[in-house]
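**Student:** Model the structure of this input:
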Amino acid sequence: MSDTRLAEELGQVHLLRDLPPVALARLAEGARRLAPADGAPLFSQGDPPDAVYAVLEGRGRVRVGAPDNAAKRLMVEVFRTGDAFGEIGVLDGSPRSADAVVIGEVKLARIPAAAFLEVAQGEPALGLALARLLSVRLRRTFGLLQDATFAPLEVRLARQVMYLLKADSVKTEKGVRLAARFRQGDLADLLGATTRSIISILNAWRAANLVAYDTEKAFLFVLDEAGMAAVAAGPREA
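**Tutor:** Got it, this is the predicted structure:
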């Protein structure tokens, strides 16, 4: 028997919101609710692609990234309420390309691969939504690759900060704050950089009154959005 409430919640997920109620009910019938602990792994690079995950609610996040042999990490994306992830492996049947770890408090739906593929095969709306989602992620991946090849680290960090501000931010008296907590090491993982290099950039930005950083709570405040956007635009040629 399907979970009517879960079907309604799945209908709020961006990837699934155009599906008819009967399709959402089929997904809910096979899905399982999860409330993982802070820091809990959902899957690891190389695992079989057995499910698609949807973030139903919570102020926490799911961070997807990949490790290397030197214990460094690359954070690929941060998912929040309304997002779905894990679909690439389910679509092509290949092992997971990254790790997924829960940060903070978040509630998820785990949709088994077979149920997801069954609905995708019968619902053109889901196929179109998947194509749009993958197009957005491909454009972002191309942009990150282009930045890694041509842009200085400070510009790359500024672009990531502006991206995160647009995705999820909170207005405060101090300035606009990234909604998620980002330790300095997390910011380094976004760029495949060292923590020391990120600290140097943040110190320079603080001296220029571009940002404030709460080291204890790991919150980054942007004090001058126009100034940060100018940094993100890159150095101008003389």
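**Student:** The residue nearest the centre of the chain bridge partners, please.
**Tutor:** Nearest to the mean C-alpha position of the chain, by CA atoms, centre = their mean, lies residue 78 at 1.9 Å. When bridges are called by DSSP bridges, residue 78 pairs up with residue 63.
**Student:** where does residue 213 fall, phi/psi-wise?
**Tutor:** phi -130, psi 120 (degrees, to the nearest 10).
**Student:** okay, now it: neighbour count?
**Tutor:** Around residue 213 there are 17 other residues, counting by other CB atoms under 10 Å. C-betas here are computed from N, CA, C, even on glycine.
**Student:** Tell me how far whichever helix in the chain runs longest lies from the chain's centre.
**Tutor:** Among the elements of the chain assigned as helix by DSSP state H, the one spanning the most residues is helix 124-150. Taking CA atoms, centre = their mean, to the nearest Å, one finds the center of helix 124-150 at 13 Å from the center of the full chain.
**Student:** again with stretch 151-162
**Tutor:** 17 Å.
**Student:** What residues of it count as buried?
**Tutor:** 151, 153, 154, 155, 156, 157, 158, 159, 160, 161, 162 (16 or more other CB atoms under 10 Å).
**Student:** that older thread, which SSE is immediately downstream of the longest helix of the chain?
**Tutor:** As assigned by DSSP states H and E, the chain's next helix or strand after helix 124-150 is helix 153-167.
**Student:** For the next helix or strand after that following helix, enumerate the helices and strands it packs against.
**Tutor:** Next in sequence after helix 153-167, counting helices and strands by DSSP H and E, comes strand 169-171. Applying 3 or more CB pairs under 8 Å, 6 or more residues apart in numbering; DSSP states H and E, we find strand 169-171 packed against strand 176-178.
**Student:** surely residue 91 meets residue 133?
**Tutor:** No: judged on CB atoms under 8 Å, residue 91 makes no contact with residue 133 at a distance of 10.7 Å.
**Student:** worst-scoring helix or strand of this protein, pLDDT-wise?
**Tutor:** strand 73-79 (a mean of 79; mean pLDDT, DSSP states H and E).
**Student:** For that strand, give me every contacting residue.
**Tutor:** Contacting residues not belonging to strand 73-79 are listed as 55, 61-68, 85, 98, 137, 140, 164, 167, 180, 186, 189-190, 192 [CB atoms under 8 Å, 6 or more residues apart in numbering].
**Student:** Among those, name the buried ones.
**Tutor:** 55, 61-66, 85, 98, 164, 180, 186, 189-190, 192.
**Student:** Good, wrapping up.
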